[in-house]
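Engineer: just need the structure, nothing else, for what follows:
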Amino acid sequence: MDKIIKVGAVSYLNTKPLIYGFKHGHKVEHMELIEDYPSKVAAMLLNDEIDVGLVPVAIIPRLKEAHIITDYCISAEGPVASVCIFSDVTIMNVEKVLLDYQSKTSVALAKILLKHYWKISPLVEDAKEDFRDHIKGTIAGVVIGDRAFEQRKESPYIYDLAEAWINMTGLPFVFAAWIANKKLPDNFIETFNAGNKIGLQNIDKVIAENDYNKYDLNKYFRENVSYQLTPEKMQGLNKFFELLSTL
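Structural biologist: Next up is the predicted model:
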């Protein structure tokens, strides 16, 4: 019997187009899909509990082996809307930044931008589960994913991290990609890649089955998140790794 290939996917709205095909009849032989939040999926890949994951790209240097296996990713070519620093005061008046426990890449990106873009050095602190209650006064917070849409209604100052990155580097930003921690069969990769494409060809259907009233999903899926992994995005990814080494 062939080995089951365990695939970890992030359980956020932005991944819905990429996993739509797998939930609507696109069969990939011997595949098991597991959903969780980004840093959990990353930990599973690092611990070899899964074979491939839609993981924060910040973990790539920590993997013994890392293979990007599809033409698709979670990235942005403009404001991403769901990865931001939220604050009651301007960024220059922030004294402490709470870092979202669900994130790896976004937290690293925030640190890079604080240092190289805004050129400030507030205290940064890993946050616990209820940290959004503490975003007040001069304490800001990095909030990602679906909870960022809720926080957009609470905080007067919103600093979109993808937008800041693009302003600083002129390059798009890749948040997550499908990474395997071992060589996988070519036929699996080909079928898996084709499965990713199905949802992107059926965005209206993806929106229809995700009842969400905190943000316009049509705008989110078609304008904020960019799903094609292009050479320019790989350039942005390499720039991110270069700056990551300065932290």
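Engineer: those helices in this protein, which residues are they?
Structural biologist: 16-23, 38-46, 105-116, 146-151, 161-169, 186-200, 203-208, 217-219, 231-244 (DSSP state H).
Engineer: which residues are in contact with the fourth one?
Structural biologist: Put plainly, it is helix 146-151. Helix 146-151 has contacts (Cβ atoms under 8 Å, 6 or more residues apart in numbering) with 12-13, 81-84, 86, 132, 135, 141, 143, 214-215. The way it works is simple: take the backbone N, C-alpha and C, and place the C-beta from them, glycine included.
Engineer: break this protein into its domains for me.
Structural biologist: Using automatic domain parsing, the domain ranges for the chain come out as 5-75+173-244, 83-169.
Engineer: those into JSON lines, with extra columns for mean neighbour count and mean pLDDT?
Structural biologist: Supplementary listing: the domains of the chain in JSON lines, determined by neighbours: other Cβ atoms under 10 Å; pLDDT from 0 to 100:
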{"stretch": "domain 5-75+173-244", "mean neighbour count": "18", "mean pLDDT": "94"}
{"stretch": "domain 83-169", "mean neighbour count": "18", "mean pLDDT": "95"}
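Engineer: quick one: the residue most central in space within the chain from I34, how far?
Structural biologist: Against the mean C-alpha coordinate of the chain, by Cα atoms, centre = their mean, the closest residue is F175 at 4.0 Å. As defined by Cβ to Cβ, to the nearest Å, F175 lies at a distance of 19 Å from I34.
Engineer: equivalent analysis for L18, please.
Structural biologist: 14 Å.
Engineer: do F131 as well
Structural biologist: To I34, F131 is 25 Å away according to Cβ to Cβ.
Engineer: repeat for L217
Structural biologist: Taking Cβ to Cβ, one finds L217 at 24 Å from I34.
Engineer: ok, now T90?
Structural biologist: T90 is 41 Å from I34, where distance means Cβ to Cβ.
Engineer: same thing with T169?
Structural biologist: 33 Å.
Engineer: now do S75
Structural biologist: According to Cβ to Cβ, S75 stands 22 Å off from I34.
Engineer: check K3 too.
Structural biologist: Counting by Cβ to Cβ, the gap from K3 to I34 is 15 Å.
Engineer: cool, K233 as well?
Structural biologist: To I34, K233 is 26 Å away according to Cβ to Cβ.
Engineer: how about D216?
Structural biologist: Distance from D216 to I34, counting by Cβ to Cβ: 29 Å.
Engineer: hang on, the earlier thing: so which of the contacts of helix 146-151 belong to strands?
Structural biologist: Secondary structure assignment (DSSP state E) places V83, C84, F86, G141, V143 from the contacts of helix 146-151 within strands.
Engineer: among those, which two are most distant?
Structural biologist: Farthest apart among the ones in strands among the contacts of helix 146-151 by Cβ to Cβ are V83 and G141. That separation is 11.9 Å.
Engineer: for the longest strand belonging to the chain, give me every contacting residue.
Structural biologist: Across the chain, the longest stretch assigned as strand under DSSP E is strand 67-76. Applying Cβ under 8 Å, 6+ apart, the external contacts of strand 67-76 come out as 10, 14-15, 18, 52, 54, 162-163, 166, 172-184, 189, 192-193, 196-197, 200, 224-229, 233, 236.
Engineer: cool, and stretch 216-231?
Structural biologist: 13-14, 16-18, 68, 70-82, 172, 174, 177, 200, 203, 206-207, 210, 233.
Engineer: gap between the two ends of it?
Structural biologist: End-to-end distance of stretch 216-231: 29 Å, with Cα to Cα, to the nearest Å as the criterion.
Engineer: repeat that for stretch 87-97.
Structural biologist: Stretch 87-97 end-to-end distance (Cα to Cα) = 9 Å.
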